[in-house]
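A.B. asks: Whatever this is, show me its structure:
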Amino acid sequence: MPHKIETRPEAQILRILSYNVQVGIKTSRPHQYLTGSWRHVLPCAKRLGNLDLAAQVMKDFDIVGVQEVDAGSLRSNFINLTEYLAERGNFPYWHHQINRRFGRLAQHSNGLLSHFHPAEVRDLRLPGLIPGRQAILARYDSGGDTLAVIVVHLALSRRARLMQMDYLADIVNSFPHAIIMGDMNCRHDSKEMQHLIRLTRLHEPIKDLHTFPSWRPQHNIDHILVTSELTVSKAKELEHFGSDHLPMMMEVRLPEGMEFHRYQRSKPVKLNDYLQNHDDFSGL
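C.D. replies: Next comes the predicted model:
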């Protein structure tokens, strides 16, 4: 929408990225799902190197949502991969949520990396046929206005996704501005995606960005949707072959009067711990 951009040159551009990193497993052929399946339960020497490259892609973005990370188990050498990406990408703030716990073998998680300080971050328990899936909600306040950023990794079952879309629609509709991003396991023209769009002010500016599989993208199952008051100036998939998904980026022009500032920290901090101990952010 170029005319909107021209009439609001002072508005801030928010750069966001969504990436299913597949726990740092590089997949470039279908047969590697079988031959490389052991990497989902055992340590792999190349995992952190793949994530180092992913962090270099992420570091230029303001807010990043990641799916299929690990919170610290045998397969990740007991390293929290969201925290690792925050450190390598120079993000001051990070948050993770564990969706599936398999003891010391695996801790399936979603993550949020942010250069901006949210006023609130919380986990949303999603409905579904199999319990455990969650979404991350980060609330950013500025100038009396609010932006909600939601990171999701939705269910494989269409029935479960429809329930999850209903739930997410209520969350989105409770905020003046919202962005929802992640691996939604469905196409833009699917019944459940259209259901979410009908219930909300969300839209997807570019509908045919194919991110899966990364070596031959044919499916648009990763999405970034924004509410109608947010103007999108750019959206595309990025060529980075460190997963079986490609990362997706978007540049969003914020409403007039809404502005966020980047913070610097010598070491990234887990958001929940920080928010619980700091009621006043004016000194940041």
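A.B. asks: tell me which element residue 226 is part of?
C.D. replies: Per DSSP states H and E: residue 226 is located in strand 222-227.
A.B. asks: Does anything pack onto whatever helix or strand comes next after that strand? Which helices or strands?
C.D. replies: Going down the chain from strand 222-227, the next helix or strand is strand 231-237, by DSSP H and E. With contacts taken as 3 or more Cβ pairs under 8 Å, 6 or more residues apart in numbering; DSSP states H and E, strand 231-237 sits against helix 2-7, strand 222-227, strand 248-253. Where C-beta positions appear, they are placed from N, C-alpha and C, glycine not excepted.
A.B. asks: What lies in contact with the second one?
C.D. replies: Meaning strand 222-227. Outside strand 222-227, the residues that touch it by Cβ atoms under 8 Å, 6 or more residues apart in numbering are 16, 18, 20, 172, 175-184, 188, 193, 196-197, 200-205, 209, 211-212, 232, 235, 237, 245-246, 248, 250, 252.
A.B. asks: among the helices and strands packed on strand 231-237, which gets the worst mean confidence?
C.D. replies: For the helices and strands packed on strand 231-237, mean pLDDT drops lowest on helix 2-7, to a mean of 37.
A.B. asks: avg pLDDT for the helix or strand following that one?
C.D. replies: For helix 2-7, the following helix or strand on the C-terminal side (DSSP H and E) is strand 13-20. For strand 13-20, the mean per-residue pLDDT is 97.
A.B. asks: gap between the following helix or strand past strand 13-20 and the chain center?
C.D. replies: Next helix or strand after strand 13-20 toward the C-terminus (DSSP H and E): helix 32-35. A distance of 26 Å separates the centroid of the chain from that of helix 32-35, by Cα atoms, centre = their mean, to the nearest Å.
A.B. asks: Okay, buried residues for stretch 249-268 please.
C.D. replies: 249-255, 258, 260, 268 (16 or more other Cβ atoms under 10 Å).
A.B. asks: Relative to residue 126, which of these is nearest.
C.D. replies: residue 250 (22.6 Å; Cβ to Cβ).
A.B. asks: Please, where are all the helices along the stretch 51-200 of the chain?
C.D. replies: Applying DSSP state H, counting those that start in this stretch to the stretch 51-200 of the chain gives helices spanning 81-88, 158-172, 191-199.
A.B. asks: who does the last one touch, helix- and strand-wise?
C.D. replies: So that's helix 191-199. Packed against helix 191-199 by the contact rule (3+ Cβ pairs under 8 Å, 6+ apart) you find helix 158-172, strand 222-227.
A.B. asks: Report the angle between the strand holding residue 226 and strand 231-237.
C.D. replies: Here strand 222-227 points in a direction 180 degrees away from that of strand 231-237 (axes from the mean of the first three to the mean of the last three Cα atoms, to 10 degrees).
A.B. asks: residue nearest the centroid of this structure?
C.D. replies: The chain has residue 65 as the residue nearest its centroid, 1.9 Å off, counting by Cα atoms, centre = their mean.
A.B. asks: thinking it is in contact with residue 182, fair?
C.D. replies: Yes - Residue 65 is within contact range of residue 182, at 5.7 Å (criterion: Cβ atoms under 8 Å).
A.B. asks: shared neighbours of the two, which are they?
C.D. replies: Counting by Cβ under 8 Å, 6+ apart, the residues touching both residue 65 and residue 182 are 18, 110, 151.
A.B. asks: which one of those residues is nearest residue 30?
C.D. replies: Distances from residue 30 to these, taken by Cβ to Cβ, are shortest for residue 18, at 23.4 Å.
A.B. asks: what's around that closest one, how many residues?
C.D. replies: Per other Cβ atoms under 10 Å, the neighbour tally for residue 18 reads 27.
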